[in-house]
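Visitor: Prediction below, plus the sequence it came from.
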Amino acid sequence: MKNKAPILIALAVVALSALACIESTEVTSLQATVSALQTQVGADGEGATAPDANIDLGPADVEFTLKTGGDGHSLLFIGVGGDIDGVANPALMVDPGDVVQITLINGQAVEHDLVIDEFGVATGSVTQLNEERVITFVADQEGTFEYYCAVPGHRAAGMAGTLQVGEPSEAASGESIIKNPTDLPGPIGARGPQLVQAELVAQEVEGKLADGTTYPYFTFNGTIPGPFIRARVGDTVEVTMSNETDSAFTHSVDLHAVNGPGGGAVYTQVLPGETKVVTFEALNPGIYVYHCATPSVAHHIAGGMYGLILIEPEGGLPRVDREFYVMQGEIYTEENFGAKGLLTFSMDKMLAEDPEYIVFNGAAGALAADPNWLTANVGETVRIYFGVGGPNFTSSFHVIGEIFDRVYPFGSITSEVLTDVQTITVAPGGAWIVEFTLDVPGDYILVDHALSRLERGAVGILHVEGEGDPAIFHEGSASE
């Protein structure tokens with residue numbers, strides 16, 4: 001399968017910034033320094049037995065050297081290794097039975113630890129600049145396996161690649177189900193009441209959950225979250241609920257903005273190929289969740305069937321420069337986090353509230369890369385409509401490096417706003433609105449501040465461009 005002559009491996013690096021301090025970074029900086037490293041082929045390892053971690057097996061069939069970045073970038077993504085074309089996060093390819101040796105070199109003086117779970121091996125931590133650690137093991141299982149950095153946050157941020165043992169199967173790709181956070185209708189303003197029509201289509205999609213990983217999603221209109229519905233107090237809202245003919249399940253919609261049994265779900269249970277309509281008057285202003293309410297309701301929500309509906313007050317909301325639409329949800333799979341191919345839903349894990357993935361807008365790291373990250377400029381005001389589909393976890397939503405100037409608690413637009421808030425607590429089936437002004441350029445990380453969830457995929461970037469203000473924020477002492 002492979003050529004056992006020496007080959008070049010290139011390294012492309014993007015480094016994870018310290019969560020407490022995010023420096024200004026241009027978009028082009030996501031293309032990190034590339035370093036050429038060489039793999040060497042040793043003697044035949046035939047007859048070797050499976051080792052414990054870090055045991056020296058002698059000569060290796062295949063040796064790989066991977067180095068973390070050392071160019072000082074302060075970025076979200078981390079990549080290690082490369083292939084002969086210089087692509088980050090290479091697929092390291094070996095034959096079944098090969099003795100594999102991987103050397104990890106620390107190019108950053110930031111802690112890293114390379115792990116491959118399936119083979120029970122780990123390099124151990126490298127913390128000093130140019131420190132090296134080696135793992136050696138027998139590739140005694142065929143398939144595609146993930147290697148990754150075990151330091152909290154690094155794996156979910158992208159410091160991972162694959163080890164291919166034997167011939168690869170066809171890679172899973174899947175459709176993108178990510179709702180771009182800018183995809184929402186504009187403000188209503190001062191208009192009077194009118195008829196607002198919204199169309200929701202239940203679509204069951206094999207969508208991309210992560211690189212090389214797909215999942216059988218349930219969606220409204222093919223994205224997660226579903227369409228952002230916008231109306232005002234006094235509007236008559238007509239919702240048409242359809243279910244595609246090739247669906248395997250019945251679907252429906254429960255809108256929390258509705259005053260009536262089931263929030264509309266009693267009138268919108270639609271079999272595959274059916275369409276039903278529900279109409280309601282918008283009586284209460286606020287930001288509300290909607291979701292599928294067909295049993296198992298939690299399964300349909302975990303599949304991705306949720307969204308937000310905004311009922312503006314008379315006269316509309318205060319003007320801001322940018323509005324964004326972000327929702328958090330959980331995904332429960334039989335397979336472990338990081339598994340490749342088409343994953344399967346796990347009812348047992350959902351009932352145990354033990355998700356493998358926790359995500360913003362449907363996929364792991366969905367809002368952490370262009371074109372789906374949030375973008376704005378220094379001096380602009382930003383409003384984020386943030387909701388939690390769930391079905392189970394409460395979110396502690398936080399933007400690292402920003403303070404929310406104004407917060408609408410529990411999504412209530414008529415209550416007194418809160419000011420100068422660091423983190424908001426949003427329950428499943430709940431939504432809040434936050435607003436703030438951008439003072440300093442750079443990349444601001446969106447997280448659930450239950451920060452282990454970042455490792456499960458809940459991460460995004462607000463990328464801000466413009467001139468800095470050293471009086472507000474700068475590196476160095478006050479006199480510099």
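Guide: Everything's here; your move. Nothing here was measured: the structure is a model prediction, and the numbers come from that model.

Visitor: Double-check that residue 183 belongs to a helix.
Guide: No. Applying DSSP: H, G, I helix; E, B strand; the rest coil, one finds residue 183 to be coil, outside a helix.

Visitor: so what's it up against?
Guide: Each residue near residue 183 by CB atoms under 8 Å, 6 or more residues apart in numbering is listed here: 223, 228, 325. Glycine gets a C-beta too; all of them are placed from N, C-alpha and C.

Visitor: What is the nearest of those residues to residue 363?
Guide: Among those, residue 223 lies closest to residue 363 (CB to CB), at 10.5 Å.

Visitor: related to what we said a few turns ago, can you tell me which of the contacts of residue 183 is nearest residue 188?
Guide: Using CB to CB, the contacts of residue 183 come closest to residue 188 at residue 228, 12.4 Å.

Visitor: Surely residue 234 and residue 282 touch.
Guide: Yes. Between residue 234 and residue 282 there is a contact under CB atoms under 8 Å: 6.6 Å.

Visitor: More neighbours: which of those two?
Guide: A count of neighbours by other CB atoms under 10 Å puts residue 282 above the other of residue 234 and residue 282, at 24 against 14.

Visitor: Quick check: pLDDT value at the more buried one.
Guide: We note a pLDDT of 98 for residue 282 in this prediction.

Visitor: residues contacting it?
Guide: 196, 231, 232, 233, 234, 235, 236, 237, 257, 311.

Visitor: Please repeat the previous calculation with a cut-off of 7 Å.
Guide: Neighbouring residues of residue 282 by CB atoms under 7 Å, 6 or more residues apart in numbering: 231, 232, 233, 234, 235, 237, 257, 311.

Visitor: Could you give me the ChimeraX selection string for whichever of those are buried?
Guide: To isolate the buried subset of the contacts of residue 282 in ChimeraX, counting by 16 or more other CB atoms under 10 Å, use the following:
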select :231,232,233,235,237,257,311
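
Visitor: Pick out the most distant pair among the contacts of residue 282.
Guide: Across these (CB to CB), the longest gap, 12.9 Å, separates 234 and 257.

Visitor: what secondary structure does residue 151 sit in?
Guide: coil.

Visitor: Quick check: which element contains residue 148?
Guide: According to DSSP states H and E, residue 148 maps onto strand 143-149.

Visitor: That strand: how far from the chain's middle?
Guide: Its chain's C-alpha centre and that of strand 143-149 lie 19 Å apart, by CA atoms, centre = their mean, to the nearest Å.

Visitor: That strand: partners in the sheet, and parallel or antiparallel?
Guide: Using DSSP bridges, the strands paired with strand 143-149 in its sheet are strand 114-116 (antiparallel), strand 160-165 (antiparallel).

Visitor: possible to save those strands as TSV with mean neighbour count and mean pLDDT?
Guide: Shown next, in TSV, are the strands paired with strand 143-149 (neighbours: other CB atoms under 10 Å; pLDDT from 0 to 100):
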stretch	mean neighbour count	mean pLDDT
strand 114-116	22	91
strand 160-165	22	82
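
Visitor: TSV for those strands, including distance to residue 456?
Guide: Formatted as TSV, the strands paired with strand 143-149 follow (distance: least, CB to CB, whole Å):
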stretch	distance to residue 456
strand 114-116	16
strand 160-165	13
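
Visitor: can you tell which of these is closest to residue 459?
Guide: Short answer: strand 160-165, nearest of the strands paired with strand 143-149 by CB to CB, at 13.6 Å.

Visitor: Convert the C-alpha atoms of the helix or strand following that closest one to PDB, please.
Guide: Scanning forward in sequence from strand 160-165 by DSSP H and E, the next helix or strand is strand 195-210. What follows is strand 195-210, C-alpha atoms only, in PDB (Å, rounded to 0.1, in the frame of the first residue of the first chain):
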ATOM      1  CA  LEU A 195     -49.900  38.800   8.200                       C
ATOM      2  CA  VAL A 196     -46.600  37.000   8.500                       C
ATOM      3  CA  GLN A 197     -46.200  33.700   6.700                       C
ATOM      4  CA  ALA A 198     -43.500  31.200   7.600                       C
ATOM      5  CA  GLU A 199     -42.800  27.800   5.900                       C
ATOM      6  CA  LEU A 200     -41.100  25.000   7.800                       C
ATOM      7  CA  VAL A 201     -40.100  21.800   5.900                       C
ATOM      8  CA  ALA A 202     -39.000  18.700   7.900                       C
ATOM      9  CA  GLN A 203     -36.000  17.300   6.100                       C
ATOM     10  CA  GLU A 204     -34.000  14.200   7.300                       C
ATOM     11  CA  VAL A 205     -30.500  14.800   6.100                       C
ATOM     12  CA  GLU A 206     -27.100  12.900   6.400                       C
ATOM     13  CA  GLY A 207     -25.100  16.000   7.300                       C
ATOM     14  CA  LYS A 208     -21.500  16.700   8.100                       C
ATOM     15  CA  LEU A 209     -20.900  16.700  11.900                       C
ATOM     16  CA  ALA A 210     -17.100  16.900  11.700                       C
END
